[in-house]
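Provided below are the primary sequence and the corresponding predicted coordinates.
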Amino acid sequence: MANKPVETINYDAIDKMESFNHFVKKKNTFLFSIAGAFLTFYILLPILAFTSVLQQKWIGNITGVWIYSAALFLMTIVLCTVYIRKASQFDAEAAKVIAEFQQGGK
Amino acid sequence: MDLVTVGFFVGIVGLTLIVTYIAAKKTSSASDFYTAGGGLKGWQNGFAIAGDYLSAAAFLGVSGAIALTGFDGFFFSVGYVVANLVLLYIIAEPMRNLGRFTLADMLTARFNEKRIRGVAAASTITIVILYMIAQLVGAGALIKLLFGIEYWLAVLIVGVMMTTYVLFGGMTATSWVQIIKAGLLLFGTGMLAVLVFMKFDFNLMTMFDTIAQDHGEEYLVPGQKYTSTLDSVSMMMALVLGTSGLPHILMRFFTVKDAKTARSSISWTTWITAIFFSLTIFLGFGAMHFVGIDQIIAESAAGNTAAPLLAEYLGGNIMLSFIGAVAFATILAVVSGLVLTGASAISHDIYGEIIKDGQLTEKQQVLAARIGSISIAVISIFLALGAQSLNVSFLVSFAFCIGASANLPVIIYTIYWKKFNSTGAVTAMTTGLVSCLILGAMGPNIWSPTGNAIFVGDPLVNLAVPAIITIPLGFFAGWLGSVIGAKKVNQAEAEKIYKEIRVKANTGIAVQDVSH
């Protein structure tokens, strides 16, 4: 690579830290369980859209597919906000890990 | 063509040229050229990413599809909106923390091999060219309709404009053209939607009742265009996962300084796209009811002019000219982003890093980037001139399919899977790319028994978008390649690099080393 960083950070040491591994595990569990949930909810739309459940009229002439889609829009906005909140917690934890690493020296 | 039309048109061109002129003064290094020096703010990048999403296919295509097929057209809107979450949760932050200018930079941060860079560049260039032909052909047809200019001349005008922005203003100009366009588009569609809603007495029930009574209840449920669950599931998979594999979207994450800004960019994009795609219902139903399906089809069989026709109905010639100018800005902005992305693959990945081993000076890099931009622009213009009569709407869904099948598996494995190796990366990308192209070539967009496609005959694979096969195939090939290639890997070395990737991706430590 053109600009390989000068060897300053001992990645191996951080990778071994218990607090780091705990943090990464917690973060990945959060990310992938939510991602699994929203992808499932999403892909059910084109499946259910061809069944009578969503083809029925739910409110007046508005059929289930529209309301399910509106729910997906709402879900996107809500999960986006949830992520932004959660991510600043993760930022704080990452900063803590780095601080712990720097205090411990290399 | 009258004075108002020319006025809006000249206004857009003038404004974007001023932006380019200002940006040109700030563009001196390779990092300025490819990533605007990494200095964009969250809201700016958020608008610019939204600008990439809201291409002519999204604005004209989706509103036209809703106007002609009802709910089936709205599938696209849902796909584009939810796709934001995949980017936000899985891709955006690690991408920012690991990459420099291109997708290949991010992959080679883990596997420093030229073949990885080569395959990633090949997939990038394929996607860029498919996407660009679709945009240019669409642009040609639209401009021909609005201004009565010949197709070849229209393509040439768009081609010259996009090359000008990129050549002189690099990523700074491209980003600002995107931002301006996203703002105008949001304003324009908002105005049309309010006018439509006003005619339905600001009552959703009235709107749905009217559509059901005057046009038929079948427009309120899927089934006009998509009749099989499999076909629509496949298309929806390509949309939601493909966005995170589109190189021109990924590149936008390198224009901000850190993961936190990358995150806020997507947050802006999510809101903008959610608002915009909600409005497509009003545009679509408005065009269906007030312009009429027959009238729309008479102008363009695919319904691409439904939105401009609706504008003309609602606000006469002034509104038509304004929406036409916005559509023109939309096309210009998207193709500029594509030129820049294509140039980054040709000039940075292939020429700079593979041929010249990353030994170019700053000045040579910028020169190479400019030559690359001109080459990709010229190639695309020629291809677009030859593709005039082609029905190009499927090319965009193909670009999404390749993004989801070739790029996304590799990105996810590179960030999250310890045992992934370079053999796996090469097999995943080639399998994803080749399977999309082959299955696509056997599909209904190329073969049609009634002669609606390029060849006459029965399609071997009856899926318009083969994503449901190719995405699992891409993931599987990555796993298989990694298992087969495991013996060749120097375990200690691979583990050391993965630790570094894992620490960087999760903490953002040393992000200044990879970017500036």
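Nice, thanks for sending it over.

now the strands for chain A?
With DSSP state E, the ranges of strands along chain A come out as A:57-59, A:62-63.

low-scoring stretches of the chain, by residue?
Using chain A. Counting by pLDDT under 70, chain A has low-confidence residues at A:1-8, A:105-106.

hmm, I had chain B in mind actually
For chain B, the stretches with pLDDT under 70 are B:1, B:391-392, B:451-453, B:510-516.

give the contact list for residue 61.
Reading this off chain A. For residue A:61, the contacting residues are B:205, B:208, B:209, B:211, B:212, B:217, B:220, by C-beta atoms under 8 Å, 6 or more residues apart in numbering or on different chains. In this view, the C-beta of every residue, glycine as well, is placed from N, C-alpha and C.

Switch to chain B, please.
In this structure, residue B:61 makes contact with B:76, B:138, B:302, B:303, B:304, B:393, B:396, judged by C-beta under 8 Å, 6+ apart.

Please pick the buried ones from the contacts of residue A:61.
Neighbour counting by 16 or more other C-beta atoms under 10 Å in any protein chain shown classes B:208, B:211, B:212, B:220 among these as buried.

Just say which of the strands of chain A is most tucked in.
Ranked by mean neighbour count under mean count of other C-beta atoms under 10 Å in any protein chain shown, the strands of chain A are led by strand A:62-63, which reaches a mean of 20.

Which ones, among the contacts of residue A:61, also lie beside chain A?
Filtering the contacts of residue A:61 for proximity to chain A by C-beta under 8 Å from any C-beta of the partner chain leaves B:205, B:208, B:209, B:211, B:212, B:217, B:220.

what's around residue B:456, how many residues?
11 (other C-beta atoms under 10 Å in any protein chain shown).

got it, and residue B:492?
Residue B:492: 7 surrounding residues under other C-beta under 10 Å.

Is it located within a helix, as I assumed?
Yes. Residue B:492 forms part of a helix when assessed by DSSP: H, G, I helix; E, B strand; the rest coil.

Near chain A, which residues of the stretch 251-400 of chain B are found?
Residues of the stretch 251-400 of chain B lying near chain A (C-beta under 8 Å from any C-beta): B:260, B:263, B:264, B:266, B:267, B:270, B:271, B:274, B:277, B:278, B:353, B:358.

would you turn these into JSON lines with neighbour count, distance to residue B:200 and secondary structure?
What follows is these, written out as JSON lines (neighbours: other C-beta atoms under 10 Å in any protein chain shown; distance: C-beta to C-beta, whole Å; DSSP: H, G, I helix; E, B strand; the rest coil):
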{"residue": "B:260", "neighbour count": "17", "distance to residue B:200": "42", "secondary structure": "helix"}
{"residue": "B:263", "neighbour count": "22", "distance to residue B:200": "38", "secondary structure": "helix"}
{"residue": "B:264", "neighbour count": "19", "distance to residue B:200": "36", "secondary structure": "helix"}
{"residue": "B:266", "neighbour count": "28", "distance to residue B:200": "33", "secondary structure": "helix"}
{"residue": "B:267", "neighbour count": "22", "distance to residue B:200": "32", "secondary structure": "helix"}
{"residue": "B:270", "neighbour count": "27", "distance to residue B:200": "27", "secondary structure": "helix"}
{"residue": "B:271", "neighbour count": "17", "distance to residue B:200": "25", "secondary structure": "helix"}
{"residue": "B:274", "neighbour count": "20", "distance to residue B:200": "21", "secondary structure": "helix"}
{"residue": "B:277", "neighbour count": "24", "distance to residue B:200": "19", "secondary structure": "helix"}
{"residue": "B:278", "neighbour count": "16", "distance to residue B:200": "15", "secondary structure": "helix"}
{"residue": "B:353", "neighbour count": "24", "distance to residue B:200": "56", "secondary structure": "helix"}
{"residue": "B:358", "neighbour count": "12", "distance to residue B:200": "59", "secondary structure": "coil"}
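
from the residues you listed, which is closest to residue B:69?
Each of these was scored against residue B:69 by C-beta to C-beta, and residue B:277 proved nearest at 16.0 Å.

for residue B:218, what are its contacts?
B:70, B:224 are the contacts of residue B:218 under C-beta under 8 Å, 6+ apart.

any idea how far it is from residue B:71?
According to C-beta to C-beta, to the nearest Å, residue B:218 and residue B:71 sit 9 Å apart.

list residues touching both of the two?
Counting by C-beta under 8 Å, 6+ apart, the shared contacts of residue B:218 and residue B:71 are residue B:224.

So which of the strands of chain A is nearest residue B:23?
For the strands of chain A, proximity to residue B:23 was assessed by C-beta to C-beta; strand A:62-63 is nearest, at 46.3 Å.

Check which helices and strands that closest one sits against.
Packing partners of strand A:62-63 (3 or more C-beta pairs under 8 Å, 6 or more residues apart in numbering or on different chains; DSSP states H and E): helix B:204-215.

Could you rerun that using 7 Å?
In terms of contacts (3 or more C-beta pairs under 7 Å, 6 or more residues apart in numbering or on different chains; DSSP states H and E), strand A:62-63 is packed against no helix or strand at all.

Can you give the contact residues for it?
Residues from elsewhere that reach strand A:62-63, judged by C-beta atoms under 7 Å, 6 or more residues apart in numbering or on different chains: A:54, A:55, A:56, A:57, B:208, B:220, B:221.

and the strand or helix carrying residue B:365, what other elements does it pack with?
Using DSSP states H and E, residue B:365 sits in helix B:362-386. Applying 3+ C-beta pairs under 7 Å, 6+ apart, we find helix B:362-386 packed against helix B:30-35, helix B:114-147, helix B:151-199, helix B:306-343.

Using PDB, write out the CA atom coordinates for the helix or strand just after that helix.
The helix or strand immediately downstream of helix B:362-386 is helix B:393-402, counting by DSSP H and E. C-alpha atoms of helix B:393-402 as PDB (Å, rounded to 0.1, in the frame of the first residue of the first chain):
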ATOM      1  CA  SER B 393     -34.400  -0.200 -17.700                       C
ATOM      2  CA  PHE B 394     -33.200  -3.700 -16.900                       C
ATOM      3  CA  LEU B 395     -29.600  -2.600 -17.000                       C
ATOM      4  CA  VAL B 396     -30.000  -0.700 -13.700                       C
ATOM      5  CA  SER B 397     -31.500  -3.700 -11.900                       C
ATOM      6  CA  PHE B 398     -28.600  -5.700 -13.300                       C
ATOM      7  CA  ALA B 399     -26.100  -3.300 -11.700                       C
ATOM      8  CA  PHE B 400     -27.800  -3.800  -8.400                       C
ATOM      9  CA  CYS B 401     -27.700  -7.600  -8.900                       C
ATOM     10  CA  ILE B 402     -23.900  -7.500  -9.600                       C
END
